[in-house]
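In: got a predicted structure here, sequence first:
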Amino acid sequence: MRLAGFFPKSGRGRLILAFILILIIGTGAGLKYKTSRDAQKQAVFAQTLQSAKDDFNAAKSLVSLNPAEAKNKLEVAREKVDKALALKKDDQEAQNLKKQIEEESSSILQQQNVTDFPLFLDLDLIKKDFKAKFLSLSAGKILALDPDLGSLAAIDTAKKSNQILAGKSQLGEASLASLNGNMAFTYSKDKGLIRTDSTDQKQTQVAKVDEDWGKIIDLTGFAGNVYLLDDKGQIWKYLPTSGNYSDKRGYLTANTKADFSLALRMQIESSVYVLKQGGEMLRFTKGEKDNFGYSGLPSAVKDPRSFFVSSDTDNLYLLDSGNLRLLVLTKLGVYKGQYQSERFTQFSD
């Protein structure tokens with residue numbers, strides 16, 4: 001009976017009291033819901049941020065072990081920290097992690113900005129106005145060909161000494177050159193395939209101009225043999241014999257078809273590699289198509305100029321002028337690192 005005295009006797013008063021009670025209950029429920037939602041949001045934020053930290057730490061630990069996976073972990077960490085900041089944009093810990101990821105991404109991706117290009121050799125020391133358009137490296141020597149001057153020179157990489165091996169009268173319209181040990185090979189439109197011994201400058205004609213040849217795009221010497229990359233879809237192989245060299249043989253098997261119409265360069269290290277315009281790389285082993293595929297690249301190859309791979313190196317190096325970089329890859333195309341500079345647009349080989 002005493003409690004009854006606290007309730008309004010009029011209908012209007014009771015209605016107001018009921019409204020107030022409903023408002024209190026509703027506000028309490030709303031606060032409870034907001035508190036629950038905030039707690040859920042905080043839990044998702046904390047979980048996302050911790051996962052971003054874990055992926056970032058994993059990326060740093062995988063740099064030398066698995067560069068491609070390190071790149072993947074870095075990208076995932078970057079995505080997760082952005083999701084965390086979308087939940088709590090002013091969180092200092094998340095902002096600091098994002099900043100750290102950006103600061104260390106270059107080292108994780110093994111991206112090195114190159115500003116210093118020290119001069120290795122002034123080519124005027126070989127011959128005035130000498131310009132090397134094609135280079136070849138073997139056994140501690142660099143072979144350099146200047147097609148315009150018609151000069152072929154060898155440079156000792158340790159001593160930086162140089163010697164001219166042949167001139168225009170011997171090479172004719174030479175446009176390609178390759179060094180294999182002491183043997184320097186040149187392809188000439190008018191004289192065919194010529195071998196020059198770098199020790200005594202003795203010359204041997206490996207093959208005369210052949211009507212079966214299409215446009216010869218590149219040549220490479222390997223293990224004493226000579227290989228010509230033909231845009232008709234074949235790689236011609238010449239083997240040394242007791243007298244001179246064998247007739248041409250097709251390196252690719254009868255069942256192996258290849259399109260070399262857009263090929264740029266060829267290199268050999270037991271397998272034969274062919275680089276095409278647009279960045280596609282073909283690999284052949286014992287005359288048959290073999291596996292090669294880019295993996296883990298920060299960005300796709302854009303405008304390749306040349307590449308280098310050798311049985312003496314662990315890596316494959318690709319000059320990608322379109323992305324201002326020199327890529328370092330495994331011999332199967334897995335990303336390991338890159339050097340970056342605007343100067344890479346100026347290089348041809």
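Out: Received, thanks. Numbers count the residues shown, from 1 in each chain.
In: just the helices in the stretch 101-250 of the chain please.
Out: Using DSSP state H, counting those that start in this stretch, the helices of the stretch 101-250 of the chain run over residues 168-171.
In: all strands of it, in order?
Out: 111-113, 134-138, 141-146, 151-156, 162-166, 174-180, 183-188, 192-197, 203-207, 216-222, 225-230, 234-238, 249-250 (DSSP state E, counting those that start in this stretch).
In: just those strands: most buried one?
Out: strand 183-188 (a mean of 25; mean count of other C-beta atoms under 10 Å). Placement of C-beta: from N, CA and C, glycine included.
In: could you check the angle strand 141-146 makes with that strand?
Out: Counting by axes from the mean of the first three to the mean of the last three C-alpha atoms, to 10 degrees, strand 183-188 lies at 20 degrees to strand 141-146.
In: and strand 183-188, which strands flank it?
Out: Here strand 183-188 has these sheet partners by DSSP bridges: strand 174-180 (antiparallel), strand 192-197 (antiparallel).
In: need the contact partners of the shortest one.
Out: Defining contact as C-beta atoms under 8 Å, 6 or more residues apart in numbering, one finds that strand 192-197 is touched by 152, 165-166, 170-171, 174, 182-188, 202-210, 219, 226, 228, 238.
In: mind checking the strands paired with strand 183-188 for the one nearest to residue 345?
Out: strand 174-180 (22.9 Å; C-beta to C-beta).
In: what sits up against the closest one?
Out: For strand 174-180, the external contacting residues (C-beta under 8 Å, 6+ apart) are 134, 136-139, 141-145, 147, 150, 152, 154, 184-189, 191, 194, 198, 216, 218-224, 226.
In: for stretch 22-36, same thing?
Out: Contacts of stretch 22-36 (C-beta under 8 Å, 6+ apart): none.
In: got the buried residues for it?
Out: Within stretch 22-36, no residue qualifies as buried by neighbour count (16 or more other C-beta atoms under 10 Å).
In: ok, back up a step: distance to residue 343 added to the strands paired with strand 183-188, as a markdown table?
Out: Below are these laid out as a markdown table (distance: least, C-beta to C-beta, whole Å):
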| stretch | distance to residue 343 |
| --- | --- |
| strand 174-180 | 24 |
| strand 192-197 | 32 |
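In: switch those strands over to CSV; also include mean pLDDT and distance to residue 67.
Out: Compiled in CSV, the strands paired with strand 183-188 are given as follows (pLDDT from 0 to 100; distance: least, C-beta to C-beta, whole Å):
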stretch, mean pLDDT, distance to residue 67
strand 174-180, 95, 30
strand 192-197, 95, 40
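In: what about these, which gets the closest to residue 338?
Out: strand 174-180 (26.0 Å).
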